[in-house]
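[1] curious how this folds, go ahead:
(chains A and B)
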Number of protein chains: 2
Amino acid sequence: MICWLWKASDMTEPLKVALLGCGVVGSAVARRLHDDARDLAARVGAPLQITGVAVRDITRPRPESGVDASLFTTDAESLVERADLVVELMGGIEPARSLLLRAIEHGASVVTANKALLGEDGPQLFEAADARGVDLSYEAAVAGAIPLLRPLRESLAGDSVRRVMGIVNGTTNFILDKMDRTGAALDDVLAEAQQLGYAEADPTADVEGYDARAKAAILASLAFHTRVATPDVYCEGIMGVTAEDIRAARKIGLVVKLLAICERTDEGVSARVHPTLVPRSHPLGSVREAFNAVFVETELAGQLMFYGKGAGAEPTASAVLGDLVQAARHRLDGGHGPGESAYADLPLLPIAQSQTSYFVRLDVLDRPGVLAQVANVLGEQGVSIESMRQGVRRSGDGLAMLEIVTHRASDAALARTVDQLRMLDDVHAVTSVLRVEGM
Amino acid sequence: MICWLWKASDMTEPLKVALLGCGVVGSAVARRLHDDARDLAARVGAPLQITGVAVRDITRPRPESGVDASLFTTDAESLVERADLVVELMGGIEPARSLLLRAIEHGASVVTANKALLGEDGPQLFEAADARGVDLSYEAAVAGAIPLLRPLRESLAGDSVRRVMGIVNGTTNFILDKMDRTGAALDDVLAEAQQLGYAEADPTADVEGYDARAKAAILASLAFHTRVATPDVYCEGIMGVTAEDIRAARKIGLVVKLLAICERTDEGVSARVHPTLVPRSHPLGSVREAFNAVFVETELAGQLMFYGKGAGAEPTASAVLGDLVQAARHRLDGGHGPGESAYADLPLLPIAQSQTSYFVRLDVLDRPGVLAQVANVLGEQGVSIESMRQGVRRSGDGLAMLEIVTHRASDAALARTVDQLRMLDDVHAVTSVLRVEGM
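    Take a look at the predicted model:
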């Protein structure tokens, strides 16, 4: 009778789980596997048993993980060879790639949160997993806790995605949101974000957009069944965004967000990351602090948005555990998730061919005929004007501020337009150029 | 060589799809199965072939569906017996229930958008599907196009859902949003919604909350692995919401939404539908027009939100087709989706035990001591006050308006408090009582 309590877990042999890496996310995953063992066993149909945790430094105690000290090992290679399920949370390209390939080769299903590796080598890994008939899941790699990749891959499997547009980096959203709410300069807000732990001591990967770029590559690959690697994604970070840009945007109902934008047009697929103006009334416009949100447009479903925490140990662990439970269920029922190596492989378009709108702010000489000159340049490049606004005049310097929002045109035509505006005698300076979406 | 174009579709025998019902959603599904046959075949790994469409009136032409006239039949029974996949879009309890059970019995996987049936008889259907080892999918039954049920069931399978709180009825959100933006009365806005096609000629199912109630039952069942049927859900519609309620809410930064709220506490599970005040800054507060949005709180992932179109032929077809592609993939790889008949079966709590806040508006006699009397009543019931505000005094009638927002307490204590306030001599009338969430 004492067995009754374990009935759910005893229905079949345990599945052997290997963890690679035991930092904050790894510890949170291990802790949950330990604390909620019975609940997870009931959901899977078999217990999930940690058979080993690969770490670099075996001597460091990790009591927060709840893992017995005897299970830590530095021999990741042999660990993955005898696992049913491998969870990779080490990050970086090597040895993560080799270990995942070895795990797949030995028939394990793998779960990873490694966006850098997927952005660089996704196709190789997907092909290996498909060939071996095992699951390769990576929900945690993009937008942390938000269930996004599974809905894109499965729920929308009968629909066609046209566009994915997301705030996928919490650090930069925290900074831009704070600048928007306080009017402060980027450097000051960045320093504060570092103090609060929202930005790292070396914030390059976040503020230069590299983190968002790897995620854009993953999103575009998945949404359009096309191989998009990280270097294929056009990337501009937020370091050029000024308090003045944000103030000017605010005046016309817009807000600056760092967006990863993946689009499918008749010509092909494009993926880009850059600071973008969006209307405050747009669902992405009200995403505050370090939250992430991804806006998806499809042919049938129309506009969808997924919102939640993009980072943090527990949110990331939620996504990893969701993948792990699914992969475990698949092992028991003999099926596996939809393969991803069957690519449509649409042509990849350069940023110049992307269609977007521009917000341009100019300091111009305050004299008759300037507006006509500016309007002429736009007209010559086939760029039509959505709105034009004469800003507050500066005192004494003989200059006026001019703000233009264009209609959509190719990025190349818009770039040429800005180049020509710079060359006009009456244009003192082009003080700001930002792309606009969602209008 | 001419076969090459069909390579993707020729990889295996077609899967036989039976459609039950061919209204606007059925036609959109059929049209897509026809027009995008090759694309869908590539995604599934086998062609999806419509083998029949069951309709009541076989003589009515349905050119918009793209289905050959010879495939329409009134003999739904024999149609489902020879299908691999059955899509039920007839609505109503019978014959939908019998046909789905018959399809399952004959080994077909089934997809349905029938919230009424699931809210009444979900458990019976889930058990039948589990016993037979086939998929029963119903993404379209709640929040139309929004991928919500699959994420709840699969992506969050390693997490614990604490609360699901959603705008799941587009008609009532359209009405409440319009009232909020224009200040108009409910009757006027309802008439306009009927003219625009946002509300039906008989709007009872929407405005009385019955539609949202069936969806709340489905959501609570799925989120908490507990059998919740439609009658278990407490339900209040929007007919009592006045323009004055909305104006008063607006003044303190709140907005009225009809929410379906499913909660899990230490005591058990509760599910309720009622007009609710939420802060404008809450993610649900900015959901406009006929959009749906569902806010989910989990132990690890924290706060998530899913947003999109809740109704319409094409959005609903997107969800149906996503389910269909998944069920088809499962048939080919031998697996199936996670079963749902393994219930945790937590106790179901009545509305009286739900924890919520109240917004109460009173007309009181404008004389000293009234506030103290009112505060005493709240104190006696153990209800603490979050804020109290004396409204604009009415001219000449000797009355003042008093608005109270309480802290969270049991619904029973709040109801008793309101009853006692009504009995105070100095209280002329309780003009409004609304629940508040998300503060």
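
[2] residue A:211 belongs to a strand?
    No: counting by DSSP: H, G, I helix; E, B strand; the rest coil, one finds residue A:211 to be helix, located in no strand.

[3] got the confidence number for it?
    What the model reports for residue A:211 is a pLDDT of 94.

[4] the one 5 residues further on now?
    Predicted confidence (pLDDT) at residue A:216: the value is 95.

[5] now it: how far from residue A:115?
    10 Å (CB to CB, to the nearest Å). No exception for glycine: its C-beta is placed from N, CA and C like everyone else's.

[6] the more surrounded of these two?
    residue A:216 (29 against 23; other CB atoms under 10 Å in any protein chain shown).

[7] hmm, residue A:260 and that one touching each other?
    Yes: counting by CB atoms under 8 Å, residue A:216 touches residue A:260, with 3.8 Å between them.

[8] overlap in contacts of these two?
    A:168, A:233, A:271, A:272, A:273 (CB atoms under 8 Å, 6 or more residues apart in numbering or on different chains).

[9] those residues in strands, which ones?
    Those of those mapping onto strands are A:271, A:272, A:273, per DSSP state E.

[10] now do the contacts for the first one.
    Listed by CB under 8 Å, 6+ apart, the contact partners of residue A:271 are A:216-217, A:219-220, A:228, A:232-234, A:260-263, A:348.

[11] can you pull up the bridge partners for it?
    Counting by DSSP bridges, residue A:271 forms beta bridges with residue A:262.

[12] look at it and report its pLDDT.
    Predicted confidence (pLDDT) for residue A:271: 93.

[13] what about it, distance to residue A:37?
    41 Å.

[14] how about the contacts of residue A:271, which pair is most distant?
    Greatest spacing in the contacts of residue A:271, by CB to CB: A:260 and A:348 (15.2 Å).

[15] what strand or helix carries the closest residue to residue A:168 other than its chain neighbours?
    Leaving aside its sequence neighbours, residue A:168 sits nearest to residue A:215 (CB to CB, 6 or more residues apart in numbering or on different chains; 4.5 Å). Element membership for residue A:215, per DSSP states H and E: helix A:210-224.

[16] ok, back up a step: show me which of the shared contacts of residue A:216 and residue A:260 is closest to residue B:397.
    Nearest to residue B:397 among the shared contacts of residue A:216 and residue A:260, with distances taken as CB to CB, is residue A:168, at 57.1 Å.

[17] strands of the stretch 101-250 of chain A, start to end?
    A:109-112, A:136-137, A:161-167, A:234-235 (DSSP state E, counting those that start in this stretch).

[18] my guess is residue A:20 contacts residue A:85. True?
    No: counting by CB under 8 Å, residue A:20 does not reach residue A:85; the two are 11.4 Å apart.

[19] got a list of what the nearest residue to residue A:18 once chain neighbours are set aside touches?
    The spatial neighbour of residue A:18 that comes closest, neighbours along the chain excluded (CB to CB, 6+ apart), is residue A:83 at 3.7 Å. Shown in contact with residue A:83 (CB under 8 Å, 6+ apart): A:16, A:17, A:18, A:51, A:52, A:103, A:106, A:108.

[20] that older thread, now the helix holding residue A:215 - C-alpha only, CSV.
    Output of helix A:210-224 as CSV, limited to C-alpha atoms (Å, rounded to 0.1, in the frame of the first residue of the first chain):
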residue,chain,number,x,y,z
TYR,A,210,23.8,41.2,-31.2
ASP,A,211,21.6,39.3,-28.8
ALA,A,212,18.5,40.4,-30.7
ARG,A,213,20.2,39.5,-34.0
ALA,A,214,20.8,35.8,-33.1
LYS,A,215,17.1,35.6,-32.0
ALA,A,216,15.9,37.3,-35.3
ALA,A,217,17.8,34.6,-37.2
ILE,A,218,16.1,31.8,-35.2
LEU,A,219,12.7,33.5,-35.6
ALA,A,220,13.1,34.0,-39.4
SER,A,221,14.3,30.5,-39.9
LEU,A,222,11.3,29.1,-38.1
ALA,A,223,8.6,31.4,-39.4
PHE,A,224,9.6,31.1,-43.0
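
[21] from the contact counts, what lies against it?
    Applying 3 or more CB pairs under 8 Å, 6 or more residues apart in numbering or on different chains; DSSP states H and E, one finds that helix A:210-224 contacts helix A:115-132, strand A:161-167, strand A:234-235, strand A:254-264, strand A:269-279.

[22] and the longest one, what does it pack onto?
    Looking back up the chat, that one is helix A:115-132. Using 3+ CB pairs under 8 Å, 6+ apart, helix A:115-132 sits against helix A:96-105, strand A:109-112, strand A:136-137, helix A:210-224.

[23] tell me how many other residues surround the closest residue to residue A:222 other than its chain neighbours.
    Leaving aside its chain neighbours, residue A:222 sits nearest to residue A:152 (5.5 Å; criterion: CB to CB, 6+ apart). Number of residues near residue A:152 (other CB under 10 Å) recorded here: 23.

[24] sorry, back to before: neighbour count: residue A:260 and residue A:348, which is higher?
    More neighbours surround residue A:260 than the other of residue A:260 and residue A:348, with 31 against 18 (other CB under 10 Å).

[25] gap between that one and chain B?
    In this view, residue A:260 and chain B are 18 Å apart by CB to the nearest CB, to the nearest Å.

[26] would you mark the buried spots in the longest helix along chain A?
    Once chain A is assigned using DSSP state H, the helix that runs over the most residues is helix A:313-333. By 16 or more other CB atoms under 10 Å in any protein chain shown, the buried positions in helix A:313-333 come out as A:313-333.

[27] from those, which are also near chain B?
    A:314-315, A:317-326, A:329-330, A:333 (CB under 8 Å from any CB of the partner chain).

[28] tell me how far stretch A:410-418 lies from the chain's centre.
    Centroid displacement of stretch A:410-418 relative to its chain, using CA atoms, centre = their mean, to the nearest Å, is 26 Å.

[29] ok, now stretch A:236-247?
    For stretch A:236-247, the distance to the chain centre is 20 Å (CA atoms, centre = their mean).

[30] what does stretch A:380-392 give?
    32 Å.

[31] go on, stretch A:304-311?
    The answer for stretch A:304-311 is 10 Å, by CA atoms, centre = their mean.

[32] send the alpha carbons of it over as PDB?
    Below are the C-alpha coordinates for stretch A:304-311, written out as PDB (Å, rounded to 0.1, in the frame of the first residue of the first chain):
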ATOM      1  CA  LEU A 304      -1.200  38.100 -32.800                       C
ATOM      2  CA  MET A 305       1.000  39.100 -29.900                       C
ATOM      3  CA  PHE A 306       2.900  37.100 -27.300                       C
ATOM      4  CA  TYR A 307       4.000  38.900 -24.200                       C
ATOM      5  CA  GLY A 308       6.000  37.900 -21.100                       C
ATOM      6  CA  LYS A 309       9.400  37.800 -19.400                       C
ATOM      7  CA  GLY A 310      12.300  37.300 -21.800                       C
ATOM      8  CA  ALA A 311      14.900  36.400 -19.300                       C
END
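
[33] quick check, that stretch touching chain B?
    Yes: counting by CB under 8 Å from any CB, contacts between stretch A:304-311 and chain B involve A:304, A:305, A:306, A:307, A:308, A:309.

[34] of those, just say which sits nearest to residue A:186.
    Closest to residue A:186, out of all of the residues of stretch A:304-311 next to chain B and judged by CB to CB, is residue A:309, at 23.3 Å.

[35] in the sheet, who's paired with that closest one?
    residue A:291.

[36] near it, how many other residues are there?
    Using other CB under 10 Å as the criterion, the residues surrounding residue A:309 number 23.

[37] got it, and residue A:279?
    With other CB under 10 Å as criterion, residue A:279 counts 17.

[38] residue A:430 too?
    Residue A:430: 17 surrounding residues under other CB under 10 Å.
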